[in-house]
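[1] Quick one: sequence plus predicted model below, questions after.
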Amino acid sequence: MTDYQTILEQAGYPADVLCLDFESYFDTEYNLAKISTIEYIMDERFEFTGVGWNWPDDPRTHFEGGEKHVREAVDAMWVNWGDEATWLVQNARFDITILQTKFNIIPKYIIDLKDLATHYDSRMSHKLKDMAKMFGLKPKGETMQFRGLHYNDMTPEQRQALAEYTINDVELETGLFKILLPYLTNPKTELALARHTLDLWLHKRFAVDLDAAAQLKMKMRTKMAKTIKDSGHTIKELRSKKFAGYLNKVLPDGEKVPMKQGKRGNIPALAKDDEACQKLLAHPKKEVRDLISARLATKSWPTHIKRVESIIAQTKANGGLLRVPINYYGAHTGRWSGGEGYNLLNLGGEGRRGTGHDPLIGQIRTLIKALDGHILGTIDSAQIEARVLAWLSEQQDMIDAFANGKDIYSELATELFGCPIRKERKTDPPFVYKFFKIRRGFGKDSILGCGYEMGWKTFYKNCIENPSLKPFFDSGEFDVKFVKKVIKTYRTKYSKILEYWTAVERAFRQCLRFPHLQPEVGCCKFWCHGTTVHIQLPSNRVLYYHYCRIDKTNSIRSGKTYLYGGALTENIDQAISRDLLGYWILECEKAGVPITLHIYDDTRTMLPKDEADEMFEKQKAVMRTVPDWAEGLPVDIDPVVGESL
């Protein structure tokens, strides 16, 4: 038995693999670059041009062309193999949705080659063409030669070219599968999570208020138009290189357009996240504020409008309900990411740092609702990254505080301000409420932000970009000196966390310099193979850092990314938090509580109203537990129910 077959059997999958690849009609307007997956598949123009596959234990790769023969071939595959084989595809959201919608077939065992590739390296290109080149396989053919061609209109030569192209794709996918599957650590768990992710797309649905969505889109267009009109300029002018000149004209004497270092010298610092741009948005002169707001409006509002349009279009294409598209292993840490143009993991609203958003943006999430007769049960794993960090670094006082239910944010804020600080209450007088909210907020920001070696400059930048904090810095109530005190207080109080940063970076460097060493830091193990550094997490999953080196400045680099103790700690922390979420997802589903969506550190269920209380209690119970490998980690939950996201 081959290595890949052994891995499959250990994961509970059939050792026989059937690789499938559909080809379909496309043209310059009707293609997956222009419209979403579900719109493409459900469009009346959808037409099979061919299908390629290879049978288990058959050295040949097969092809059939044309609608009739494609359907006969798929029916034969299902009759002969069905759930006795592991079905391999390159893009399950495409190929398996075709099986679902055109054949009423959903195999029990599915592996998406893209999932294996993202687990290996989420940052690399996952296109078949690029992966074939990267791993030294034969080149992928050119698909554009078939653009605008229906199978019945193809010449014999074109049909032969299509057959050769598809067969080559199937053989590349099979070859890459055998290369990448051995890199899948914890295969039984990870294949289950990958399949869970696909099942969200195949089976889970949300209702959408289409009338409200249409109204929201019009409000956004109106808001954008008004913002641009108030600036006295056209969209073309606001987006042009002449914008810096327009800005200089309205800036007071002595002020100039702020600059920053670009790839080819200095450029205006006018991107939304630039500190200088944030300051201009709060400039005392209205003409300056209006001009900057208008420029940002030309860039941001079209994105939000397009998101609403995607939700509307895909809901209609899918028969009035919205599918759940998220990407397995979308980030280096293994966390999921959003997809299909409407990213359910980031629907706007108040940011984690309190960064302000227009209220219209926050209304997007109110469009997406539970199905009739259901409510949404959301359980967030409270302060999970801070808890994991305390557990990793053995910062016992922080572990004890979390375990005993203490308000750790208030405790740190009390040290910062030298007076008792508590959580604000709705019954507090406005002045008292604001006093405690702002000061406890600094404790919260410190606990959640300073654990990854953040310095005072970044902390200060975050503060002045926060609309609720900026006035206090403008007035001088808080300043740079205070921010430096915040950083120093955190690092003094939680010195074990600083020691952990140092230990992690030291272990990473040791691997690169002395590949025979396999240092351990707490529950994580490090080793190097070639230029790839491996970090084994307590769950046994491995993080891969490819193309690593120590450069001439003695800095660690993985590809183009600079790494240091705090950044590596953040990766490890978030990866462990992700493994906990994966554990909770699978345990909830074992308990009969199907997860409908999960956003970073929470699980969301669609609860039938007549069973909601019982199911929600099961969900709570699961998320109060930890797996054996996380023994001693204190976890807590924030549960809430509602009708919309």
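    Arrived safely, thanks for sending.

[2] before we move on, which element is the closest residue to residue 480 other than its chain neighbours in?
    Distance criterion CB to CB, 6 or more residues apart in numbering; nearest residue to residue 480, sequence neighbours excluded, is residue 460 at 5.9 Å. Every residue, glycine included, has its C-beta placed from N, CA and C. Assigned by DSSP states H and E, residue 460 belongs to helix 456-465.

[3] Please identify the buried residues of that helix?
    Across helix 456-465, burial judged by 16 or more other CB atoms under 10 Å covers 456, 459-465.

[4] and what of stretch 610-627?
    612, 615-616, 618-619, 622-623, 626-627.

[5] again, but for stretch 79-86
    Quick answer for stretch 79-86 (16+ other CB under 10 Å): 81, 85-86.

[6] Those in helices, which ones?
    Within the buried residues of stretch 79-86, no residue falls in helices by DSSP state H.

[7] now those in JSON lines, with pLDDT and distance to residue 368?
    What follows is these, written out as JSON lines (pLDDT from 0 to 100; distance: CB to CB, whole Å):
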{"residue": "81", "pLDDT": "94", "distance to residue 368": "38"}
{"residue": "85", "pLDDT": "96", "distance to residue 368": "36"}
{"residue": "86", "pLDDT": "97", "distance to residue 368": "34"}
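
[8] my read: residue 413 touches residue 421, true?
    Yes. With contact defined as CB atoms under 8 Å, residue 413 counts as touching residue 421 (4.0 Å).

[9] Residue 23 should be in a strand, yeah?
    Yes. Membership of residue 23 in a strand is supported by DSSP: H, G, I helix; E, B strand; the rest coil.

[10] Give me the neighbour count for the closest residue to it other than its chain neighbours.
    Closest residue in space to residue 23, ignoring its immediate chain neighbours: residue 50 at 4.1 Å, by CB to CB, 6+ apart. The local packing of residue 50 (other CB atoms under 10 Å) involves 25 other residues.

[11] Please name the strands paired to the helix or strand hosting residue 50 in the sheet, noting orientation.
    Taking DSSP H and E as the definition, residue 50 sits inside strand 48-54. Looking at strand 48-54 with DSSP bridges, its partner strands are strand 17-24 (antiparallel), strand 62-65 (antiparallel).

[12] nearest to residue 329, of these?
    With CB to CB, the closest approach to residue 329 among the strands paired with strand 48-54 belongs to strand 17-24: 20.4 Å.

[13] So what touches the closest one?
    Here strand 17-24 makes contact (CB atoms under 8 Å, 6 or more residues apart in numbering) with 4, 8, 46-56, 70, 77, 81, 85-90, 94-95, 98, 111, 146, 162, 165-166, 169-170, 173-174, 177.

[14] Just the buried subset of those residues, please.
    Using 16+ other CB under 10 Å as the burial test, the contacts of strand 17-24 include 4, 8, 46, 48-56, 70, 77, 81, 85-90, 94-95, 98, 111, 146, 162, 165-166, 169-170, 173-174, 177 as buried.

[15] residue ranges for the strands of the stretch 451-600 of the chain, please.
    Using DSSP state E, counting those that start in this stretch, the strands of the stretch 451-600 of the chain run over 520-521, 524-529, 532-536, 542-545, 548-550, 556-558, 561-563, 595-599.

[16] Go through those and pick out the most buried.
    Across the strands of the stretch 451-600 of the chain, averaging neighbours per residue (mean count of other CB atoms under 10 Å) puts strand 595-599 on top, at a mean of 22.

[17] Tell me which strands that one pairs with, and in which orientation.
    In the sheet, strand 595-599 lines up with strand 602-608 (antiparallel) (DSSP bridges).

[18] can you pull the buried residues of the partner strand?
    602-607.

[19] try stretch 467-479
    469-470, 472-473, 478.

[20] Check those residues and tell me the two furthest apart.
    470 and 478 (9.9 Å).

[21] any residues in contact with both of those two?
    In contact with both residue 470 and residue 478: residue 463, using CB under 8 Å, 6+ apart.

[22] Name all residues that make contact with residue 521.
    Counting by CB under 8 Å, 6+ apart, residue 521 makes contact with 500, 503-504, 507.

[23] would you list every one of the helices in the stretch 401-550 of the chain?
    408-417, 430-449, 456-465, 470-474, 480-493, 495-513 (DSSP state H, counting those that start in this stretch).

[24] can you list those in a markdown table and add distance to residue 566 and mean pLDDT?
    As requested, the helices of the stretch 401-550 of the chain are exported to a markdown table (distance: least, CB to CB, whole Å; pLDDT from 0 to 100):
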| stretch | distance to residue 566 | mean pLDDT |
| --- | --- | --- |
| helix 408-417 | 18 | 93 |
| helix 430-449 | 11 | 92 |
| helix 456-465 | 11 | 85 |
| helix 470-474 | 24 | 84 |
| helix 480-493 | 11 | 94 |
| helix 495-513 | 5 | 96 |
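
[25] Ok, which of the ones you listed comes nearest residue 236?
    Of all the helices of the stretch 401-550 of the chain, helix 456-465 comes closest under CB to CB, at 28.7 Å.

[26] got the contact list for the closest one?
    Contacts to helix 456-465, defined as CB under 8 Å, 6+ apart, come from residues 275, 278-279, 353, 355, 445, 449-450, 469-470, 473, 478, 480, 483-484, 486-487.

[27] residues contacting residue 412?
    Applying CB under 8 Å, 6+ apart, one finds that residue 412 lies in contact with 443, 446-447, 489-490, 493.

[28] if we take those residues, which one ends up nearest to residue 404?
    Distances from residue 404 to those, taken by CB to CB, are shortest for residue 447, at 15.6 Å.
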